[in-house]
Every structure is written in structure tokens, then in C-alpha cells.
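[1] Fold the following, please.
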Amino acid sequence: MPLYINYPSWIHPEIFPGLPVLSLLRWYGLMYIFAFGTAFFILKKLLQEGALDSTNADGSLRKATEDDIFSFIATGIVFLLIGARVFSTLVYNQYDPKNPLSINYWTHPWLIFWPFQNGHFTGLAGMSYHGGFIGGLLGMIFWCWRHKVPFFKWADAMVTAIPLGYTFGRIGNFMNGELFGRITTAPWGMVFPHAEKFSVSIPWVQGIVDKIGMKVSTNLVNLPRHPSQLYEALFEGLILFSIIWILHKKKPFDGFSGALYTGGYGFFRFFLEYFRAPDADIGYVLCLHPFTSSKEILKKVSVDLFTSPLYISKGQILCFLMILGGIGVAVTGYLLNKRKSA
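    Below you'll find the model as predicted:
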């Protein structure tokens, strides 16, 4: 019995593949709608609890409204999409001058938000979570400053809503068959159709084929990989949301939920990156091996196999910075609350 799962053949990035006009509708875009709808639902629940009410400068009570929620989410979405796209194209995109389809966004910034490539509609293919995080953060700061409301209170509400919506985003990645993980012999390993194929003449490849009982009819084989999109949907989405939701009424100070989300996401994502394959054109960016040159090792190591926790990806570095940021937010929130109570 084969010890792996084939990616479902009926799943396509398009909701209605092959149909004129309707084929432009994609699961990934629909997941974004679900995510933002979920965020509104959670924020409305917090609104009803009074979690978004604040005190004006004259001491009077400022009651938050549904219009505030719509405005807050809309501002966050605009800044989030801009940040996610800009970060993806300028930080993660690797320009290859030998590839005629490769784009240097640093010299062609007007193409960052151009949804066509070679005459075909591709949408904004390529969005970065960390860029979206930075953009969304700036959007929340801007909105709170404009409406003269406490930033930490509204940020706490938003981060309570984000993880559940994020779950839909990772499901969208799974529906696209993208951002899959490293090669694995685990029985739940999945063969993704767009993953790199390897020659069975390579000893380690043949060893995996034999171990999982895979039948091979050609020299090239597509090996099963971790469905890391689903791992992230579970840990960075459902589990992180559950933790924040359980604690949101018991938070000791404004900013606590924000710190919990920032540090919690960074913690979960850092370790899940060991299951997720880094972008092949970027690979690993840091090696913690104490006795050998980093550059010497990184040139040889494959991103498709997990070989050592000492190989660090760009995503892990950003997640480590998020963990530090979460600690910083917690300390800042605590000190502000202590000063306010004094």
C-alpha cells in the first residue's frame, strides 16, 4: 500500500476552470473575502462586548460603531495589500537576467501592481505575509491617529480577528497547489503537481521511492511533500486564534493581545519553516554551523530536504524579529499601563 497521498486532481486555482470570464474567479481571491468577512464578524463581536470603546480627551465616553469597524478594516486591507505586494516583489522576488519572463521590480516599479504578464491575466501573483503585517500595522496606526483612538486597544481587537482569517489564506495557498513543504516519507505526505521532479537514478531519491512504495514509470519522479499550508492554517490560524480568544477578556493591559499574536505567530512560523520549502531562488540565507563557512555550506545544501535545523531561511529571520517585536510590544504595553495606573 503506497504511503503517500496524491494531490486531488479536481482542485484547480480557478473556481470555474475553462469557462469564459468565470475562469477569472480564483479560490485564493475567494479565501481573501472569507478572511476579511471573518475579521469583520470577530470585530463586531468585540464591539458588542464594549472592547472598542474608549475615553475622549475631555473624559467623555467614545462608543465605537459598525462604521468604525468598516473604516478600520478597509484602511487595514488597503495598507495590507500594498505592503504584501511590495514586500513580495522587492524583497522575495529574485531577478534572473537570463530568464525573459523574470522582472526586475526595482527598475520597473510600475509593474508591481500590474495584473497581466505576457498578455495573460495573472492577478497579483505573489504576496508576502511579513509585508502584509508591516502594511497592516501602518494602516492601523494611521487610522487610530486619524480617529484619535487608542492604538493598542484597536490593535488588540484586530489581532484577535486575524488568525482565523489567516486560516482561509493558507487554505487558498493549498487550493493553488503552492507554498508546499519539503520532501517527506510521512504517510500524509502529498504529491503536489507543480513540485520539482527528481531523477530516480539519484540514490536518495530511489531510497524514498522504495520506502513509500511509489510506482515509477519514467526516469523523473515527483516525490511527496509536507502539506505545510495546512500545518500553518492549523497552528498559525486556528490554534493561535483559540489562544488569543480565550485570553482576550483576561488581558492585563492594552497591547497584550497584540504582543501575544506577534510573538506567537513568529514562534509557530519559525518552527513550521522547517517543514516548508524555502523559495528555490533564495534558498537558505544563514547557517549556524560553528565550524564551517556559511557560504560554503549554503551553496551545497538542498532546500527540498530537511537536513539540519542550523540552516535558516529568510522567513525564519523575519519570524525571529517578530518574536522580539512581540516581547517589545508586551514591555511597552506593560509600562504604559503601569504609568497610567500610577
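[2] For stretch 78-97, what does the pLDDT average out to?
    Mean per-residue pLDDT for stretch 78-97: 79.
[3] residues in contact with it?
    By CB atoms under 8 Å, 6 or more residues apart in numbering, the residues outside stretch 78-97 that reach it are 102-106, 112-113, 124, 126-136, 138-140, 142, 279, 281-282, 314. From N, CA and C alone the C-beta is placed, and that goes for glycine too.
[4] Ok, stretch 137-145 next?
    Contact with stretch 137-145 is made by 71-72, 75-80, 83, 150-151, 154-155, 158, as judged by CB under 8 Å, 6+ apart.
[5] What subset of those residues is buried?
    72, 75-77, 79-80, 83, 150-151, 154-155, 158 (16 or more other CB atoms under 10 Å).
[6] Let's see which of those residues end up in helices.
    When DSSP state H is applied, the buried ones among the contacts of stretch 137-145 are split such that 72, 75-77, 79-80, 83, 151, 154-155, 158 fall in helices.
[7] Reformat these as CSV; add distance to residue 303.
    What follows is those, written out as CSV (distance: CB to CB, whole Å):
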residue, distance to residue 303
72, 39
75, 37
76, 33
77, 32
79, 31
80, 28
83, 25
151, 38
154, 39
155, 35
158, 33
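[8] Out of those, which is nearest to residue 202?
    When these are compared for distance to residue 202 (CB to CB), residue 83 wins out at 40.3 Å.
[9] how far away is that closest one from residue 135?
    Distance, residue 83 to residue 135, using CB to CB, to the nearest Å: 2 Å.
[10] got any ranges where the chain has weak pLDDT?
    Applying pLDDT under 70 to the chain flags residues 1, 94-97, 99-102, 108, 111, 114-126, 281, 291-296, 299, 342.
[11] Excluding chain neighbours, give the residue nearest to the most centrally placed residue in it in space.
    In the chain, the residue lying closest to the centroid (CA atoms, centre = their mean) is residue 129, at 4.0 Å. Distance criterion CB to CB, 6 or more residues apart in numbering; nearest residue to residue 129, sequence neighbours excluded, is residue 84 at 7.1 Å.
[12] so who does residue 73 touch?
    By CB under 8 Å, 6+ apart, the neighbours of residue 73 are 36, 39-40, 43.
[13] returning to what we had before: tabulate the contacts of stretch 137-145 in TSV, adding columns for distance to residue 297.
    Below are those laid out as TSV (distance: CB to CB, whole Å):
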residue	distance to residue 297
71	50
72	46
75	44
76	40
77	41
78	42
79	38
80	36
83	33
150	48
151	43
154	45
155	40
158	40
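[14] Widest-spaced pair of those?
    Spatial extent of the contacts of stretch 137-145 (CB to CB) is set by the pair 83 and 150 at 22.7 Å.
[15] At which residues are the strands of the stretch 1-150 of the chain located?
    Ranges of strands in the stretch 1-150 of the chain, per DSSP state E, counting those that start in this stretch, are 5-6, 54-55, 61-62, 116-117, 120-121.
[16] and what of the stretch 201-342 of the chain?
    With DSSP E, counting those that start in this stretch as the criterion, the stretch 201-342 of the chain has strands spanning 220-221, 284-287, 311-313.
[17] Run me through the strand neighbours of the shortest one, direction for each.
    It refers to strand 220-221. Applying DSSP bridges to the sheet, strand 220-221 is found paired with strand 198-199 (antiparallel).
[18] swap in the longest one?
    Strands adjacent to strand 284-287 in the sheet, as given by DSSP bridges, are strand 311-313 (antiparallel).
[19] Contacts for the partner strand next, please.
    273, 278, 282-288, 297-298, 301.
[20] of those residues, buried ones?
    Among those, those buried by neighbour count (16+ other CB under 10 Å) are 273, 278, 283-284, 287, 297-298.
[21] So which of those residues are in helices?
    If you go by DSSP H, the buried ones among the contacts of strand 311-313 have 297-298 in helices.
[22] Show me the two of the buried ones among the contacts of strand 311-313 that sit farthest apart.
    273 and 297 (17.6 Å).
[23] related to what we said a few turns ago, now, which of the contacts of residue 73 sits nearest residue 222?
    Checking those against residue 222 by CB to CB gives residue 36 as the nearest, at 34.6 Å.
[24] you'd agree that closest one is up against residue 74?
    No. Counting by CB atoms under 8 Å, residue 36 sits too far from residue 74 to count as a contact (9.2 Å).
[25] With that, I have no additional questions.
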